[in-house]
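[1] Fold the following for me, if possible:
(6 chains, ligands or ions: 6)
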Amino acid sequence: MALDALLINLLNPPVLFFFLGFLAVWVRSDLDLPAPLPKALSIYLLLSIGFRGGVELSRGGGGAHVWGTLAVAIAMSSVVPLLAFFGLRRRFDVPTAAAIAATYGSISAVTFIAATSFLQTLQVPFGGHLIAAMALMESPAILIGIALCRHYAPQAGDNGRRGWRNIIREAFFNGSVFVLLGSLAIGAITGDRGREALAPFTEGLFKGLLCLFLLDMGLVSARRIGALRQMGAFPIVFGVALPLLAAAIAIGVSVGMGLPRGDALLLTVLCASASYIAVPAVFRSAVPEANPGVYVPMSLAVTFPFNIVFGLPLYYSLISRVIP
Amino acid sequence: MALDALLINLLNPPVLFFFLGFLAVWVRSDLDLPAPLPKALSIYLLLSIGFRGGVELSRGGGGAHVWGTLAVAIAMSSVVPLLAFFGLRRRFDVPTAAAIAATYGSISAVTFIAATSFLQTLQVPFGGHLIAAMALMESPAILIGIALCRHYAPQAGDNGRRGWRNIIREAFFNGSVFVLLGSLAIGAITGDRGREALAPFTEGLFKGLLCLFLLDMGLVSARRIGALRQMGAFPIVFGVALPLLAAAIAIGVSVGMGLPRGDALLLTVLCASASYIAVPAVFRSAVPEANPGVYVPMSLAVTFPFNIVFGLPLYYSLISRVIP
Amino acid sequence: MALDALLINLLNPPVLFFFLGFLAVWVRSDLDLPAPLPKALSIYLLLSIGFRGGVELSRGGGGAHVWGTLAVAIAMSSVVPLLAFFGLRRRFDVPTAAAIAATYGSISAVTFIAATSFLQTLQVPFGGHLIAAMALMESPAILIGIALCRHYAPQAGDNGRRGWRNIIREAFFNGSVFVLLGSLAIGAITGDRGREALAPFTEGLFKGLLCLFLLDMGLVSARRIGALRQMGAFPIVFGVALPLLAAAIAIGVSVGMGLPRGDALLLTVLCASASYIAVPAVFRSAVPEANPGVYVPMSLAVTFPFNIVFGLPLYYSLISRVIP
Amino acid sequence: MENVIRIEIVTDGLEMREVIALLGEIGVSGYTLIPRVEGRGGRGWQGGDQLTDAFANSAVMTACDPVTAERIVSRIRPLLKRHGGICLLSEARMVKH
Amino acid sequence: MENVIRIEIVTDGLEMREVIALLGEIGVSGYTLIPRVEGRGGRGWQGGDQLTDAFANSAVMTACDPVTAERIVSRIRPLLKRHGGICLLSEARMVKH
Amino acid sequence: MENVIRIEIVTDGLEMREVIALLGEIGVSGYTLIPRVEGRGGRGWQGGDQLTDAFANSAVMTACDPVTAERIVSRIRPLLKRHGGICLLSEARMVKH
Ligand SMILES: Nc1ncnc2c1ncn2[C@@H]1O[C@H](COP(=O)(O)O)[C@@H](O)[C@H]1O
Ligand SMILES: Nc1ncnc2c1ncn2[C@@H]1O[C@H](COP(=O)(O)O)[C@@H](O)[C@H]1O
Ligand SMILES: Nc1ncnc2c1ncn2[C@@H]1O[C@H](COP(=O)(O)O)[C@@H](O)[C@H]1O
Ligand code: NA
Ligand code: NA
Ligand code: NA
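    Numbers count the residues shown, from 1 in each chain, chains lettered A, B, ... in the order given. Ligands and ions are numbered 1, 2, ... in the order given. A predicted model of the protein is given here:
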């Protein structure tokens, strides 16, 4: 079963394009997606997934689990960074530990999207509210990370110059969260009529553009591997162990709540994935003392490929054992 | 009826994405469509609408009204700037008044496109020659604006250094007019065979990419609102009143000509909409004395949102009263 | 028959958009596809054609001809540059002659793609291995060109500073070859299941985006025409004669091998087309003495338009005479 | 032609907003911005990471009188200390409309 | 190494064509162009408006001898007057192939 | 503030990798790169051809001490000779964190 899932995942075009990107860096090809294309693709993916989640919500799916799932999502995105921070404090300075904590508490939208594509291949349904859960999990961990930093290293960061107001705005209204929530709302408002009009765009192109984006993620991720070399085994071990721990908790909670398989996988993937967009964008300005040479490669070159390649099928085969 | 139309319009995904862009600026999100994406989208929209118009023309639709409609379109794009100019001369210096005149005589392709999408939602047909009308209305107003300026303020502008030849070329062969006319011609040549081959591109993606473009227009439009604050009520009043006046004339003429509803709406929207691409591009060079801090925000932050949100349903409900 | 084929080709939307680009330069329109759009389009086209070729291969099509065709392809991409070089040596310095030789030995992916679109219009099938042939033909000519240069003008080039290792890497792993081969492999691995998931992207949009890319090729090609003026008739004569010669050989070989019409046309087009991407990218660095003001316009402003407009239908009508 | 100091500041793209706010406060008559440049310095490679703008630099150039230049230098120093980057000053002559 | 004047001109992107034509007429040996820069000056913010190129600047740099520099300055002045922008001159040494 | 030499090198974009490797070998403390600029010189127009990066330039700027500057100049000269481009040196003062 686990092997089956792994195989299905590995033979999915998006994952293969991810490998292709990796390979390009490995053979030192000059392949490159020119500058604003990756950003444009990520806007597209967020818009599409948000819109589809909204349409799903407008159908009233999800039933009793909706609010519970959202609550668990927010709770997990606060628990994971605390776990991470206290595990990391002895190894790293406070700002860097706090940034890693925020990284793992927040989420990776592309990992989530790859999981939805994996579920579609298996024809397993999932609720639109999981997409709302994703949007809600992006920001709290960032705030917790900054709060941890200000508490344990009050001289670091911007000495409080940048008020919480600004930080909250940057965390909640950064471009990706905003597009995601906005499209979710528009999908929920226009429902199936809107869906019909936009389907060739939001659904037809989805997998193809996901392939293109994962090709870029392969390039970006492989380029960060060099940075890992100087850091020993710890980042690699941590970057695999923490997702596994978070996934275990998430699966446990999913079973407890009686979530269906699809929802359980997506919730698990959200907890197990790590941010590489929202967190660096906020931390670079607010806590420049945190070393991006540590927290970005951990997320991008360890956890992201691990989840995309092994995590997805592993989590799913566990879930399909414990959830009938 | 008017309320119905308003509601249908407001719940259209493109209009909702326009609001989303507005909202992003309002909450100071850092959302941004990266640099050449909006330009690429506008080329796509012009190419698609042009091509579809051409295919429509190749089917010989439009009947007796074709030439009449084109003639009216050109006439209106000459009358409106004259009306505007003499109304504005006391308030603004000649170059700025002339630029505003050109702005309102010329057209907004996106407003037109939103109108076609509105008609599609209502399943009201329209003739492909209206797209030719749009292409023909973009340039004459620019020439009239520059002629007015040269006549009433001969020392302004480039002192005639830049010959009419250049200005005519810039007005008639600027990128957007050229793509529009070229695609129209190609659509007319290849007809339904060509349409079939390109439909997933020109039609399938149309509404989705229109949403993306209107998201950007929301951002761009909202960012210009600040410029209005220092100018008092006049630009806002003018930016709503002139379109209403132009629309009233256009509806009257449409009734007189016996145009069907769809054609009447599109002609009205062309007359009521204002340029923010072709006009600034030509005037910045040819008449740098004209103040773009006035004519661009009027068009982009007043007339454009007014037409997209209220104008379309208003004009349509008027038209559906007077045209059976 | 030849005239029929010519007409069918001329009325194909992609060819018409190519003319439109030409026309834009001719009337000095400011039309321009903004900077990374053409590059993004070329990545899309290579990815799509590669993927489709791979899917085709996974179906086991092509039969006995597969290996033979690939061998012929590689052989032709070595013979053509030798023919060219010894024909050119008296007219140009060694580095420039070598660069022209490499240019004509290598291929133009867009010409190939236009040929597949032409075949689709005629509903003539072709084998997926031709796409592999294209990928294999891009690089050998480059190596031969550089070897010729090093042999006949050892003081030129980078004095051997840049080792063959680097040059081979640049020739075989440059971005376009890499995307093409990678997508071919992914298509072959995922087969028809993958195809279904990606079809709206790789097939639905194909012709539309090809139109957009050929619009740009029209602009780029027309802008290079100026450079031809100062060079007399030779580049024009050579830029038409060499493709005709290469095509004649390729058609002869195709008949000899008993290739079906579709495969024969594509092989012919590969032999007759000239590179304007991979060759300049490698030669600019490795042999800066070669004059790009000669070899690029020959390929881009003579051979490319000739093949797209006249070559395709001409080769096809010859082929349809000799291959039943 | 006027004698001016040409000031050139390169720093993290995300901080450019602050640099510009600072130039505004000090009251320079104008400035020119190159929104996206790459670079290397004590804090490593800033080549943009395609996903966010968090790892690219921006450069800004302003021509001003020596007194204003002094004020810019003293205000920019702590910002460069926190976020990295450099500030170069040189003599120039300016033609303005 | 040769002593040269380094000239830097920033103006409206749409006018760059004219500036370059002017440099060609005067006969500079070369120039380098940054096609899209942003800026603020007496005529307000030039940050590009995403829809047209009408609200962005371009910058051009050329290294030339002092006599040519004088000629550039006198020719560029009216253009800057009409369309805005600045021109900076400074001393430099040039290495050319 | 430190007195430095401001060095500015413009050359073929494809060769920039080599220029940067060279700066690294010589041991400059940092540099700033404008990855895509256009230009004209003895080898004609380098305006990018949209299809490859083979016809555009890059510019790099580094501030360093005079000794390092000398070394850069002597190392860059053959590269400019082969691939074209220019290198400008001027005096400046630097503020660093
Ligand atoms: N010596 C230098 N010359 C030119 N640019 C520099 C220099 N040092 C630093 N920079 C620029 O300033 C940025 C930040 O520098 P740093 O804070 O030292 O990492 C770098 O990414 C470069 O773009
Ligand atoms: N003092 C200055 N320093 C640097 N750039 C300037 C300065 N003044 C103007 N500029 C540039 O020139 C452009 C046009 O200036 P202006 O005509 O004053 O609006 C501005 O958008 C800036 O890019
Ligand atoms: N005098 C100059 N001033 C500024 N930039 C120059 C000059 N000469 C050459 N360049 C730049 O260097 C590049 C290559 O020059 P060249 O090798 O002379 O063709 C040109 O494309 C310009 O970008
Ligand atoms: Na997480
Ligand atoms: Na109008
Ligand atoms: Na060939």
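
[2] you'd agree D:T32 is up against E:N57?
    Yes - with contact defined as Cβ atoms under 8 Å, D:T32 counts as touching E:N57 (6.7 Å). C-betas here are computed from N, CA, C, even on glycine.

[3] Show me which of these two is the more surrounded one.
    Applying other Cβ atoms under 10 Å in any protein chain shown to D:T32 and E:N57 shows that E:N57 carries more neighbours, namely 28 against 24.

[4] Return every residue with contacts to both of D:T32 and E:N57.
    Jointly contacting D:T32 and E:N57 under the rule Cβ atoms under 8 Å, 6 or more residues apart in numbering or on different chains are E:V10, E:V37, E:E38, E:G39.

[5] quick one: contacts for the third one?
    The contact partners of E:E38, taken as Cβ under 8 Å, 6+ apart, are D:T32, D:L33, D:I34, D:P35, E:W45, E:Q46, E:G47, E:G48, E:A56, E:N57.

[6] so which helix or strand takes in the third one?
    Counting by DSSP states H and E, the secondary-structure element that holds D:I34 is strand D:31-41.

[7] and the angle for that strand with strand E:31-41?
    Interaxial angle, strand D:31-41 versus strand E:31-41 (axes from the mean of the first three to the mean of the last three Cα atoms, to 10 degrees): 120 degrees.

[8] Which among the contacts of E:E38 count as buried?
    Buried members of those, counted by 16 or more other Cβ atoms under 10 Å in any protein chain shown: D:T32, D:L33, D:I34, D:P35, E:Q46, E:G47, E:G48, E:A56, E:N57.

[9] which of those residues come close to chain B?
    E:G48 (Cβ under 8 Å from any Cβ of the partner chain).

[10] Now do the helix or strand hosting D:T11, average pLDDT.
    Using DSSP H and E, D:T11 sits in strand D:2-12. For strand D:2-12, the mean per-residue pLDDT is 97.

[11] Mind listing the strands it pairs with, and their directions?
    strand D:57-64 (antiparallel), strand D:86-96 (antiparallel) (DSSP bridges).

[12] Who are the packing partners of the longest helix along chain D?
    Longest helix of chain D, by residue count under DSSP state H: helix D:66-83. Counting contacts by 3 or more Cβ pairs under 8 Å, 6 or more residues apart in numbering or on different chains; DSSP states H and E, helix D:66-83 is packed against strand D:2-12, helix D:16-26, strand D:86-96, strand F:86-96.

[13] Most proximal residue of chain D with respect to ligand 1?
    Nearest to ligand 1, among the residues of chain D, is D:G39, at 1.9 Å (Cβ to the nearest ligand atom).

[14] which one is A:G21 nearest to, not counting chain neighbours?
    Closest residue to A:G21 apart from its sequence neighbours, by Cβ to Cβ, 6 or more residues apart in numbering or on different chains: A:G218 at 2.0 Å.

[15] Quick one: residues contacting the one you found.
    Contacts here follow Cβ under 8 Å, 6+ apart; on that basis A:G218 touches A:F17, A:F18, A:F19, A:L20, A:G21, A:F22, A:L23, A:A24, A:V25.

[16] who wins for most neighbours among the residues you listed?
    Neighbour counts for the contacts of A:G218 peak at A:F18, which has 28 neighbours (criterion: other Cβ under 10 Å).

[17] Centre of the chain to the host helix or strand of it, how far?
    Element membership for A:F18, per DSSP H and E: helix A:13-26. From the chain centre to the centre of helix A:13-26 is a distance of 19 Å (Cα atoms, centre = their mean, to the nearest Å).

[18] same for it, what does it pack against?
    Where contact means 3+ Cβ pairs under 8 Å, 6+ apart, helix A:13-26 is packed against helix A:109-122, helix A:206-229, helix C:175-199.

[19] Go through those and name the closest to ligand 5.
    With Cβ to the ion as the measure, helix A:206-229 is the member of these nearest ligand 5 (36.2 Å).

[20] so the residue in chain D that ligand 4 sits nearest to, which of the three states?
    Ranked by Cβ to the ion, the top residue of chain D for proximity to ligand 4 is D:L51, at 16.8 Å. Of the three states, D:L51 takes coil under DSSP: H, G, I helix; E, B strand; the rest coil.

[21] and A:I113, what does it touch?
    In this structure, A:I113 makes contact with A:L45, A:I49, A:L210, judged by Cβ under 8 Å, 6+ apart.

[22] one more time with 10 Å
    A:14, A:42, A:45-46, A:48-49, A:131, A:134, A:206-207, A:210, A:213-214, A:269 (Cβ atoms under 10 Å, 6 or more residues apart in numbering or on different chains).

[23] Check the gap between it and C:R261 for me.
    Separation of A:I113 from C:R261 (Cβ to Cβ, to the nearest Å): 43 Å.

[24] And for A:D32?
    A:D32 is 38 Å from C:R261, where distance means Cβ to Cβ.

[25] Could you do A:S29 as well?
    Separation of A:S29 from C:R261 (Cβ to Cβ): 35 Å.

[26] Those two: who's more crowded?
    Of the pair A:S29 and C:R261, A:S29 is the one with more neighbours under other Cβ under 10 Å, namely 23 against 19.

[27] State the helix or strand in which that one lies.
    Here A:S29 sits in a region with no helix or strand, counting by DSSP H and E.

[28] what's the distance between it and A:G21?
    According to Cβ to Cβ, A:S29 and A:G21 sit 10 Å apart.

[29] And A:S48, how far from B:E56?
    Counting by Cβ to Cβ, the gap from A:S48 to B:E56 is 30 Å.

[30] Over to A:L33?
    A:L33 sits 37 Å away from B:E56, going by Cβ to Cβ.

[31] likewise A:G175?
    Counting by Cβ to Cβ, the gap from A:G175 to B:E56 is 38 Å.

[32] Low-confidence regions, chain D specifically.
    Scanning chain D for pLDDT under 70 picks out D:50, D:97.

[33] let's go with 90 and repeat that
    Along chain D, segments meeting pLDDT under 90 span D:1, D:14, D:43-55, D:82, D:96-97.

[34] Residue in it with the shortest distance to ligand 2?
    The nearest approach of chain D to ligand 2 comes at D:G30, 2.3 Å away (Cβ to the nearest ligand atom).

[35] Any residue of the helix or strand containing A:Y316 touching chain C?
    For A:Y316, the enclosing helix or strand under DSSP H and E is helix A:312-322. No - if you take Cβ under 10 Å from any Cβ of the partner chain as the test, helix A:312-322 misses chain C, and the best it gets is 16.2 Å.

[36] Stretch A:197-208 too?
    Yes - judged by Cβ under 10 Å from any Cβ, stretch A:197-208 comes into contact with chain C at A:A199, A:P200, A:F201, A:E203, A:G204, A:L205, A:F206, A:K207, A:G208.

[37] Any idea how many residues pack against the closest residue to the third one other than its chain neighbours?
    On the basis of Cβ to Cβ, 6+ apart, the spatially nearest residue to A:F201 that is not a chain neighbour turns out to be B:G208, at 2.3 Å. Applying the criterion other Cβ under 10 Å, we find 25 residues in the vicinity of B:G208.

[38] CA atoms only: put the helix or strand encompassing A:R150 into PDB for me.
    Using DSSP H and E, A:R150 sits within helix A:140-152. Presented in PDB, the C-alpha positions along helix A:140-152 are these (Å, rounded to 0.1, in the frame of the first residue of the first chain):
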ATOM      1  CA  PRO A 140      -0.300  32.900  13.200                       C
ATOM      2  CA  ALA A 141       3.000  31.100  13.300                       C
ATOM      3  CA  ILE A 142       4.800  34.300  12.100                       C
ATOM      4  CA  LEU A 143       3.300  36.300  14.900                       C
ATOM      5  CA  ILE A 144       4.300  33.700  17.400                       C
ATOM      6  CA  GLY A 145       7.800  33.500  16.000                       C
ATOM      7  CA  ILE A 146       8.200  37.300  16.300                       C
ATOM      8  CA  ALA A 147       6.700  37.300  19.800                       C
ATOM      9  CA  LEU A 148       9.100  34.600  20.900                       C
ATOM     10  CA  CYS A 149      12.000  36.600  19.500                       C
ATOM     11  CA  ARG A 150      10.900  39.800  21.200                       C
ATOM     12  CA  HIS A 151      10.500  38.000  24.500                       C
ATOM     13  CA  TYR A 152      13.700  36.000  24.600                       C
END
